[in-house]
Each structure stands twice: as structure tokens, then as C-alpha cells.
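**Student:** need a structure here:
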Amino acid sequence: MSNLFCRARLIALLLLVPILSAQELPRSQPPLWAAKPDVAAFESMENDRLAAAQSAIDQIVAVKGPRTIDNTLAPYDEATRQLNAAAYFSSLMQQVHPDAAFRDHATAMTTKVSSAQTALSLNQSVYRALTALDVSKVDPATRYYVQRQLLEFRLAGVDKDDATREKLRKLQDQLTEDLSMFDRNISDDPRSVEVSVAELDGLPQDYIDNHKPGADGKIHITTNYPDLFPVLDFAKSDGLRRSLWEAWNSRAYPKNHDVLMDMMRTRYQIATLLGYSSWADYNAADKMMGNGANIAKFIEQLNAASRPMAEREFTMLLAEKKKTNPEASEIIGYESFRLSELVRRSQYDFDSQSVRPYLPYNQVKQGIMDTVATLFHVSFRREHDAPAWDASVETWDTIENAKMIGRFYLDMHPRPGKYSHAQMAPVLDGIRGKQLPEAILVCNFPEPTATDPGLMDYGDAVTFFHEFGHLMHHLLGGQQQWAGISGISMEADFVEAPSQMLEEWMHSPQVLATFAHHYKTGEPIPAELVARMNRASAFGRAGSVALQNALSAISYDIYKDKPENVNLDVVAPADFRHYTLLTPLPADAHMYASFTHLGGYSSAYYTYMWDKVIAEDFFQQFDHNNLLAGDTPMRYRRQVLEPGGSVSANDLVKNFLGRPQNTDAFQRWMGKEFETASQPKPSSGQ
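**Tutor:** Numbering: from 1, shown residues only. So this is what the prediction gives:
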């Protein structure tokens, strides 16, 4: 089957050659960094967008006579388009620009743009204008857009008195400043530890080769992802793993303790001014979850579902630890990485390092693009001469039927002051016939060099595909009539489902064989190795769910109550102890300081597990013998990705599944390790 797949893929690629060569870039939409702006030019570009947004708002207010789609919704959407573009650009520069002074200006501009967005959300004249629209005879997407925007206006407090709205405006401005500072404190505080050569024992050879001693004979290991996770997984030195874990969880502490407390107080004031008992209740009001009580209920349901299997996994981890420490009775959080790796070796005959030679960065990148191109019937072309804020950034076009439908940027490797996690960020909202959607991946994967292929851990490759899933959701959903329903603009607790579903493609031997080739020999990854990897990777799923559930609980617990009743250094370790079977270190109590999602997701970190349930349900609809075959991939594209925010997320789910989601597939996914392990093995000699 793999030969047929490769042959079909080759024919498809050959057929695309004339399409790619015939397509020209639209002259009206240059790449993001085409102007190569300095600080002054950047601020001028941003201010121009703010002025354009205000002009559109003035146009709405100036209308005399009946309200129509053309004289009211169209200029409102134009204001939305301009404000979104300004916000995307400033927040991105805050995260990725190499110059700290530029990042400072971008942070200030983010606050300014957010203030304009807040002012619009509290503008009663605009609200009344949208309320006066007759949408009974418009298309369903436009009707849904107007109804959704009216809800968001009310949640912003537009219908409150002047004094309350002014107070809300000031609180929103303060929240924006705190959010920017929270993220900047993390980005600007990379930690490192000093180690000797001997302490690198157990790590991959390419890792050791890339970490040479300095003049003082010491090696510096940072908390950047390419440094951190190989140490946690493979280093034999417990001291190294512990010290690096403590450094990781101490980033931005103590600065972000005060910043987070300020955010909590500000959000609580916003929620109570709007009639909600807590930020968690308020924040859930426009999401699939609906209210805070449902969040708490979901966390407890997940705890009940995962606990029995997590206990079985814990028993296996503890047995592994007792091989070298017979008196052991607990597992400290950071130990779980290394112990899981050892269990996979001893119980599942799988060494994670055995996969890394098949995953050099450039091959993974190309393989992910090829897979997505086949899955969704698009192609990609790089703009080689496009300038960017850093030499490593790449610019790519997305093409369908000889037509460019979007652009994206790849900023994929660590550097000082850069956002330290992995994410997709929108750059421009797509508007059919007016503006192409653009987006960016900001990641921290190993950077290949002339002497180093940049071998990736399997988990890194999965993360890459996950973030690329977000990217395609934004681009394919960015062909709407309106900016306000373009891309990933549905309920915020649905956004992880499509990208989590795509992770499953990285378990397919058929898919992996197309790009996972040994960096020295060119040999495709053996199907037998993938089978062992898949079986081994099923180990630890329940424990992982329990950990995610603990993080969801932390996210909820710090926002469900009055801030003065919350002790951050108590909540974090208490939730870890309650929802996982791991023992936290003292440094784990401060993990909230670098838990970036407590800013953006706030009380909604449950989204990852909520959407994992949906993702596994989605995945069951595909042909598991050939994930790229049949009409399901394009049906999924049409029914889930392309609608963007033009319908509710609940309808997206029902339209694709034919029913609401359930947990059946998720339960099978979580318990697959024991289902596989319980099957009888042939005895030796038979």
C-alpha cells in the first residue's frame, strides 16, 4: 500500500508543477516585512491602521436613515479588519523581534491598539447601529456574525451606564498591559545551568556535540526547548534533570507573581461589574462550555475517567524507579520524563532516541507540508526573496487551483528574547476577494546547520504538525465575506480540536515513511519501528491527561474566586497533588509565573482536554488504513475548517459527526496501552 501511495503522491506533485509556475503573487499584498520597518515606520504603519479603523467607525455613526448591511456592517467589519491587523502585528513584534528596544515599542503599541478595540466594544452608537440592522433576509453567515457581535458587545458592557463603561475601559487597558508584561517577563528571562561533560551521559551524541565546554570547562544548558526536553528524557544525571527543571519552573519568578495577581484582580473587577460572580463564569459565557460550573464538572469527569489508568501507569513508573531505589514510594514531577522513557525501553522495547535520526528538521518540515498538501488538496511555494525580521524566517504561499489563497511565515528556532513556547499566530484575516489570510508559526525547534541536521524528538515533530494544523485552519477558514468571522473566530474552546486531531497523522507508518528518512543513509523509517513507537507512546496517556487536568484546574481555581482568597503558591502544588500522582518540588509551586496560558487562556486551559475529546471523535471518521484516502479529508475541510467562525462550534461538530461529540473515542485512545498490553503474547518455543 505504501508503494501505491508514494506513486500517487509523485503523480500529484508532477501535475502541480505547471500550476506552481503559472501563479503570480498578488501585487496588492506584499509580505509582512516588505517595508523593512524600523521603530518609527512600524509605529506609523500601526497608527495608519488605527486611523483607518476610526474612519470606518465615524462612517457608521454618521449614517442618516435606515441601517443596511452596506452602510453599517461593512464599515464595522472594516474597523474590525484594521484593528485586528494592528493587534496581530504589534503582538507578534513583541514576541519575535530580535531587538529589545523594538519589542518595548511593540509592547506599548499593543496596549494602544487594545485600547482602541476596547473603545469600539463599548461604543453605544455602533452597538445601536448593529442592533437596528434587519438580518431576517440576509445569508446565514452574515446573520450569525451580527448576532455573535451583539453578544460580544453586551459581554464587553456596552449596555452599562457611562461611569461603568469608563471603568471597564480603564480595566481593559490595565489588563492589556499586564498581559504584555506577563509574556515579556517569560521571554526575557531564559535560565540556564552549568554542567560538566560527565553530566551529559545518556544524552544523544548530536546533543553532546552541540554543547561543548566553554573556556571555564563548563557547559551551559538552557531552558529553551531543544535543550530542556532531551535532558529530561535521556540524561542519567538526576542532579542535572532536577536543576534544569527547577530553572524551567522558576522563569519569570518572582516578577510574574505580582503581574498575575494584578491580572486576577483586574479580571475579577471586570466580571463583577458585568454581573458575574467570577472571571471563570464570565469568560465561559461565549464559549461552548457556557459557565464556570461546567468547567469544574468537566475537570472532575476527566479525573474520574483517567484515574484508574493513571494509577496503573504510576505503578509501572514506580517499579522502574525501584530498580535503582528499592525504597522509593513517590515520583517527583520531573522524574516522570526519564522514568517513562525507561519504561518504554524495558516494557515496550522502544528507545525514543532510535527515532531521532529519522527526523532531521528540514525533512520533517517538508514532510508535514507534503502531507497537508495531499490531505487538503493544496500546494506550497516558498518566496525566497521575502525579507523578514530575522534571517531564519521563511515566507510561504498556499496555492489551490493555480490561485494563491494564503501566505504564512515560519519562525522556528530559538533566539534571545523570543517567545519560548510554540504557537500559531494570525497575521491578517482573510476576506474573500479583498485580503488573503496570513499567519505565522513561532516555534523553538533545533536549527539545522552545515554540520548538524537538527534532529528532532518525536514529540517536537508532533508539535510541529499540531501548530501547522492551526495554520491551515486559519488559512482555509479565511475565505469568508467578513473579517469578523474569518479563520479561527468561533468559540475559543474549540480552537485546539482540529490541530489535536492532525497529531494522529504522525502515528501513521504510511505517512511517516514518506518523509522520516535516516539523515545518513536515506532509509525510510521501518514500519516495525513505528509500530513499536506507537505502542510505546500509548503508555503514559492517562498520566498526561491527569497532568493536563491539573493545569486546567490551576487555570480554573485561580479565576473562580475572589483574588484575595487565592494563594498562588498553594493552588499550584495542591492541584498537582490532587489530580496527578506525582510529587511536586518546591519550585513547582512557582510554575504559574511561566505558565503563559494563564494570561491568554486565563480560566479556559480546559480547552486542550475538551478539544481532545472532540479531536478523537473526529479522527474516528477517517480511514485508518489510509488517512489520506477517500472523501473524508475534503469533507472535513469543507465542514469543519472552511466555515471559520460563520457558524457555532457546536454546529461544526454536529455537521461533521452527524451528532454531538461523545467521549467513547477518547476513552479508547486513553486506555489503548492496556488494551494492547493485555493481548496474549506467544510463549517462547512455540
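**Student:** next secondary structure element downstream of the helix or strand encompassing Val231?
**Tutor:** Element membership of Val231, judged by DSSP states H and E, is helix 225-234. Next along the chain after helix 225-234, taking DSSP H and E as the criterion, comes helix 238-249.
**Student:** residues in contact with that following helix?
**Tutor:** 191-193, 195, 199-200, 221, 223, 227-228, 231-232, 235, 332-335, 337-338, 585, 587-588, 590-591, 594 (C-beta atoms under 8 Å, 6 or more residues apart in numbering). (Glycine included, C-beta is placed from N, CA and C.)
**Student:** can you rerun that using 6 Å?
**Tutor:** With contacts defined as C-beta atoms under 6 Å, 6 or more residues apart in numbering, helix 238-249 is touched by 191, 193, 195, 199, 223, 231-232, 235, 334, 587-588, 591.
**Student:** avg pLDDT for the helix or strand harbouring Val511?
**Tutor:** Taking DSSP H and E as the criterion, Val511 maps to helix 509-513. Mean pLDDT, computed over helix 509-513, is 96.
**Student:** now swap in stretch 608-619 and tell me
**Tutor:** 98.
**Student:** how about stretch 360-370?
**Tutor:** 98.
**Student:** C-terminal to the longest helix along the chain, what's the next element?
**Tutor:** Counting residues, the longest helix in the chain under DSSP state H turns out to be helix 292-322. Next helix or strand after helix 292-322 toward the C-terminus (DSSP H and E): helix 335-348.
**Student:** show me how far that next one is from its chain's centre.
**Tutor:** 27 Å (C-alpha atoms, centre = their mean, to the nearest Å).
**Student:** also compute the angle for that helix relative to helix 225-234, please.
**Tutor:** Between helix 335-348 and helix 225-234, the angle comes out at 60 degrees (axes from the mean of the first three to the mean of the last three C-alpha atoms, to 10 degrees).
**Student:** residue boundaries of the strands in this protein?
**Tutor:** According to DSSP state E, the chain carries its strands in the segments 192-195, 219-222, 379-382, 394-400, 403-411, 423-428, 438-442.
**Student:** pull out the buried residues from the helix holding Val231.
**Tutor:** Of the residues in helix 225-234, 225-234 count as buried by neighbour count, 16 or more other C-beta atoms under 10 Å.
**Student:** JSON lines for these, including distance to Phe494?
**Tutor:** As requested, the buried residues of helix 225-234 are exported to JSON lines (distance: C-beta to C-beta, whole Å):
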{"residue": "Tyr225", "distance to Phe494": "26"}
{"residue": "Pro226", "distance to Phe494": "31"}
{"residue": "Asp227", "distance to Phe494": "34"}
{"residue": "Leu228", "distance to Phe494": "30"}
{"residue": "Phe229", "distance to Phe494": "28"}
{"residue": "Pro230", "distance to Phe494": "33"}
{"residue": "Val231", "distance to Phe494": "35"}
{"residue": "Leu232", "distance to Phe494": "31"}
{"residue": "Asp233", "distance to Phe494": "32"}
{"residue": "Phe234", "distance to Phe494": "36"}
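**Student:** what sits closest to the most centrally placed residue in the chain if chain neighbours are left out?
**Tutor:** Centroid-nearest residue in the chain: Gln423, 4.5 Å away (criterion: C-alpha atoms, centre = their mean). Of all residues beyond its chain neighbours, the one nearest Gln423 is Val442 (5.4 Å), with distances taken as C-beta to C-beta, 6 or more residues apart in numbering.
**Student:** got a list of what the one you found touches?
**Tutor:** Here Val442 is in contact with 96, 411, 419, 423 (criterion: C-beta under 6 Å, 6+ apart).
**Student:** give me the buried entries from these.
**Tutor:** Buried among the contacts of Val442 (16+ other C-beta under 10 Å): 96, 411, 419.
**Student:** for the second one, give me its contacts.
**Tutor:** Which is Asp411. Per C-beta under 6 Å, 6+ apart, neighbours of Asp411: 96, 393, 442.
**Student:** tell me the one of the residues you listed nearest Ala546?
**Tutor:** Distance to Ala546 across the contacts of Asp411 (C-beta to C-beta) is lowest for Val442, with 28.5 Å.
**Student:** report pLDDT for the closest one.
**Tutor:** pLDDT, Val442: 98.
**Student:** equivalent analysis for Gly217, please.
**Tutor:** For Gly217, the model assigns a pLDDT of 87.
**Student:** any idea how far it lies from Arg191?
**Tutor:** For Gly217, the distance to Arg191 equals 21 Å [C-beta to C-beta, to the nearest Å].
**Student:** higher neighbour count, those two?
**Tutor:** Per other C-beta atoms under 10 Å, whichever of Gly217 and Arg191 has more neighbours is Arg191, with 19 against 9.
**Student:** so who does the residue nearest to Tyr76 when sequence neighbours are not counted touch?
**Tutor:** Among residues not flanking Tyr76 along the chain, Ile60 sits closest, at 6.0 Å (C-beta to C-beta, 6+ apart). Residues near Ile60 by C-beta under 6 Å, 6+ apart: 72, 75-76, 126, 129.
**Student:** and Ile60, how far is that from Val138?
**Tutor:** 17 Å.
**Student:** cool, Arg344 as well?
**Tutor:** On the measure of C-beta to C-beta, Arg344 and Val138 end up 56 Å apart.
**Student:** neighbour-wise, which of the two wins?
**Tutor:** More crowded of Arg344 and Val138, by other C-beta under 10 Å: Arg344, with 23 against 15.
**Student:** the residue nearest to that one when sequence neighbours are not counted - how many residues pack around it?
**Tutor:** Closest residue to Arg344 apart from its sequence neighbours, by C-beta to C-beta, 6+ apart: Ala536 at 4.1 Å. Look at Ala536: counted by other C-beta under 10 Å, it has 22 neighbours.
**Student:** what are the boundaries of the helices in the stretch 1-150 of the chain?
**Tutor:** For the stretch 1-150 of the chain, the helices defined by DSSP state H, counting those that start in this stretch occupy 2-22, 39-61, 74-96, 100-121, 124-131, 140-156.
**Student:** nearest to Ile299, of those helices?
**Tutor:** By C-beta to C-beta (comparing all of the helices of the stretch 1-150 of the chain), the closest turns out to be helix 140-156, at 23.3 Å.
**Student:** residues contacting that closest one, please?
**Tutor:** Contact with helix 140-156 is made by 121-122, 127, 133, 135, 286, 482, 484-485, 646, as judged by C-beta under 6 Å, 6+ apart.
**Student:** just flag the most distant two among those residues.
**Tutor:** Leu122 and Ser646 (25.5 Å).
**Student:** out of these two, which sits in the busier spot?
**Tutor:** Neighbour tally, Leu122 and Ser646, criterion other C-beta under 10 Å: the higher count belongs to Ser646, 25 against 22.
**Student:** hey, which of the strands of the chain is tucked in deepest?
**Tutor:** Among these, strand 438-442 has the highest mean neighbour count (mean count of other C-beta atoms under 10 Å), at a mean of 24.
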